[in-house]
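**Student:** A structural model of the following input is requested.
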Amino acid sequence: MTIVSAVPVTCIGPVRALARLFRYDGRLHVVAIAKTRLVFVADGPMRTQLPPDITSREAVPYRPAADVTFSGLVHVRGGKPSPHTVARLAILRPRTVGGALENAETLLNKTLRAFEVDGFGPLPSSARHALLPVEERASVDAPMPQLQSTMNFAYFHRAPTDQRTAHLRGDEWVWLERLHPSIERFASQLPVLHATGAIRVAQAETPFQMRIDTLAIDGESAWCDLLARGSFAITSEADLEYIRVIAGFEPVRSASEEAAPPADEAVTQIQRKRRDATMILEAPRERGTMILEPAPLPRERGTMILEPAADPSRAPVRRASTVILEAEEEEPGPLTVMASALDERTVSDTDAPATRAPFQLIKAGPPRSRKNSDIPGAPWASRPAPSATPVRDASFRTLDPDDAEAAALELKARLAADAEKKPAPESTKKPASKKAATWRNLPEDEAAAPEVPAAPKIKVGAPTAAVKQSIYDRFRKR
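**Tutor:** Numbers count the residues shown, from 1 in each chain. Predicted coordinates:
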């Protein structure tokens, strides 16, 4: 809801401002509130722009400290945030106005898990309402608030307790870690602004103090709203007809800017440095060497002059000066300084919970020596593996398929020769009967089995040639 100003207000800069009446211990006061919007600039001062109107939540009479709130999402490079991803919101103040960040004062340094990022936002209304009784809350929220010195002024705060800092000076640095849409660690500075206010009665102006007490950051839109407020007492409402209020933000010159010389003198010094640094490149008289020598005053300001030697026969150059170009050491940027000031932590080593292994962990140390650890042929061994010797069976010979028939004939000839040398054994069997001659015509139970020659005896040991030949012939017939 938009609040209508009770007093005409003149704005200073791109701001929205209003004046509101309230009573404090029965005495009438006027509070002036100024609001501006700042657009983020990476590693530099923010840019101011005209903000929207002041809302009823912002138009409170008083805030004892500065509220810093954030609304937005957590952004993790390369994927979705895990339960152990940590986001950080920090505010740092330089020691001097607009000065460097070395030894900066940390006003706020808060970290939360990715799924607890709502903790950076404003408090719900229920948490604030619990600070005041119902009757007192009704009088405080009235169109003209009625405040008492005994009330709990924390009711006007909208930031959590750990996000309330001292009133801002206007040159603080804002640090967002994993809270910016495109930059993981983002830093930007308030543009060195000073909140100013004054009362104008007729032609006279009387200043009054205004304090910056609200910094509301919108991470997704990459901007923040800065609010300042100040109050003064008046005698009665009739005085409002003659009062005009001036409120807004003015830029402040830093100490380095105040110590800088005037513009004309600064230009003169730059021109003098350029003149002293001007060099002349002259062609050498021997060995084709280019010589750099300090030049007299140049013909034109800031001009490099290339001149050949006037006369090759003149005396050689007495001295050749050497110019050494050295790179200047760069000062650390704001991110580096702020990270060291905030004692930057990584997610993996501090914020992830410790887990226990299901087995006993052994501390890392030198490898233990073991006996027979140098196995020949292993990838880590220093000795190669011995060459393998083929195992041969003297009693077995592989036959070539082309010479199989010749080997079979040779084996048969040897067997026949061995059979002729041995005498035939005497037969001890009885002569065959008549029934044996006609055994095929007899029934199966009366038929005599045909006479089968006795199997040759084989000695135990290496297989004989006869056995080899029989096995060979069997597979050959198939």
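**Student:** Need phi/psi at residue 239.
**Tutor:** phi -70, psi -20 (degrees, to the nearest 10).
**Student:** and it, what does it touch?
**Tutor:** Contacts for residue 239 (Cβ atoms under 8 Å, 6 or more residues apart in numbering) come out as none. For the C-beta atoms, the positions are set from N, CA and C on the backbone; glycine is no exception.
**Student:** ok, it to residue 28 distance?
**Tutor:** 9 Å (Cβ to Cβ, to the nearest Å).
**Student:** ditto for residue 173
**Tutor:** Taking Cβ to Cβ as the measure, residue 173 falls 39 Å from residue 28.
**Student:** So those two - more neighbours on which side?
**Tutor:** Set side by side, residue 173 and residue 28 show unequal neighbour counts under other Cβ atoms under 10 Å, the larger going to residue 173 at 23 against 16.
**Student:** Would you mind confirming that that one makes contact with residue 101?
**Tutor:** Yes. If you go by Cβ atoms under 8 Å, residue 173 and residue 101 touch, sitting 6.6 Å apart.
**Student:** what residues do these two have in common as contacts?
**Tutor:** 92, 94, 334, 338.
**Student:** if we look at stretch 207-219, which residues are touching it?
**Tutor:** For stretch 207-219, the external contacting residues (Cβ under 8 Å, 6+ apart) are 32, 34, 58, 63, 65-73, 89, 91, 167-170, 174, 176, 179-181, 193, 195-199, 224-232, 247.
**Student:** what's around residue 104, how many residues?
**Tutor:** 21.
**Student:** was I right about it contacting residue 91?
**Tutor:** No. With contacts counted by Cβ under 8 Å, residue 104 stays clear of residue 91, the gap being 9.9 Å.
**Student:** hey, what's in contact with both of these two?
**Tutor:** residue 173.
**Student:** mind checking the backbone torsions on residue 236?
**Tutor:** According to degrees, to the nearest 10, residue 236 has phi -150, psi 170.
**Student:** Is it in contact with residue 28, as I believe?
**Tutor:** Yes. With contacts counted by Cβ under 8 Å, residue 236 reaches residue 28, the gap being 6.7 Å.
**Student:** what touches both of those two?
**Tutor:** Among the neighbours of residue 236, none is also in contact with residue 28 (Cβ under 8 Å, 6+ apart).
**Student:** Contacts only, for residue 107.
**Tutor:** Counting by Cβ under 8 Å, 6+ apart, residue 107 touches 91-93, 165-166, 168, 172.
**Student:** Return a ChimeraX selection command for the buried portion of those.
**Tutor:** Buried subset of the contacts of residue 107, written as a ChimeraX selection, criterion 16 or more other Cβ atoms under 10 Å:
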select :91,92,93,165,168,172
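**Student:** in the chain, which ranges drop under the pLDDT threshold?
**Tutor:** For the chain, the stretches with pLDDT under 70 are 1-2, 254-333, 335, 341, 343-374, 379, 387-404, 422-468, 472, 474-478.
**Student:** Would you map the helices across it?
**Tutor:** Secondary structure of the chain, counting by DSSP state H: helices at 125-129, 134-140, 255-258, 263-276, 334-341, 404-421, 434-437, 465-477.
**Student:** In the longest one, which residues are buried?
**Tutor:** Buried positions in helix 404-421, judged by neighbour count with 16+ other Cβ under 10 Å: residue 411.
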